[in-house]
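1. Following is a predicted model, sequence given first.
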Amino acid sequence: MADDLFGYSRVTEQKKEERSGKGSSSASSVPALNGHLNKTKKETKEERPLDRLKDLEEKIAMAINKVRVIKEERTVIEQRMRDLEARLIEKDREIEMLLSEKTLIRDQIGELIDELEGLEPSKG
């Protein structure tokens with residue numbers, strides 16, 4: 001049936017008739033019909049690559065959009081990272097300052113305790 005649909009069996013019959021010398025008027029209309037079917041096949045073949053091309057264009061556009069979004073997200077994340085690094089440096093400085101103050105206060109308390117011990121009358 002598929003052979004008949006595309007005119008294959010008719011063309012084969014026509015060639016057999018031409019070889020045997022039995023050409024008929026109905027056979028001359030077969031090439032026109034077969035040509036029409038071939039045009040339809042060509043149009044279908046052309047549509048398929050065009051559809052594929054359109055699909056490919058859409059995929060490329062989507063990929064470009066994703067890359068743009070990812071780059072924007074990367075920029076935001078990099079800025080956030082720089083901000084956090086700056087805060088970390090600031091907090092490290094604060095910790096160092098607090099540790100220095102702690103050491104200073106400890107030393108001052110130690111001196112005060114020594115003075116207090118020196119003020120107490122000794123028993124004995």
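-> Arrived safely, thanks for sending.
2. pLDDT weak spots in this protein?
-> In the prediction, the chain carries residues with pLDDT under 70 at positions 1-47, 121-124.
3. biggest helix in it by residues?
-> Among the segments of the chain that qualify as a helix by DSSP state H, the longest is helix 25-119.
4. I'd like to know which elements that one is packed against.
-> Counting by 3 or more Cβ pairs under 8 Å, 6 or more residues apart in numbering; DSSP states H and E, the packing neighbours recorded for helix 25-119 are helix 8-20. For every residue, glycine as well, the C-beta is placed using N, CA and C.
5. Flag every buried residue along stretch 59-77.
-> Residues of stretch 59-77 classed as buried: none (neighbour count, 16 or more other Cβ atoms under 10 Å).
6. Need the CA coordinates for that stretch. CSV is fine.
-> The C-alpha trace of stretch 59-77 is given here as CSV (Å, rounded to 0.1, in the frame of the first residue of the first chain):
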residue,chain,number,x,y,z
LYS,A,59,17.2,26.1,22.5
ILE,A,60,20.1,28.5,21.8
ALA,A,61,18.0,31.4,22.9
MET,A,62,17.1,29.6,26.1
ALA,A,63,20.8,28.7,26.7
ILE,A,64,21.8,32.3,26.1
ASN,A,65,19.2,33.5,28.5
LYS,A,66,20.3,30.9,31.1
VAL,A,67,23.9,32.0,30.7
ARG,A,68,22.9,35.7,31.1
VAL,A,69,20.9,34.8,34.3
ILE,A,70,23.8,32.7,35.7
LYS,A,71,26.3,35.6,35.0
GLU,A,72,24.0,38.0,36.8
GLU,A,73,23.6,35.7,39.7
ARG,A,74,27.4,35.2,39.7
THR,A,75,27.9,38.9,39.8
VAL,A,76,25.5,39.3,42.8
ILE,A,77,27.2,36.3,44.6
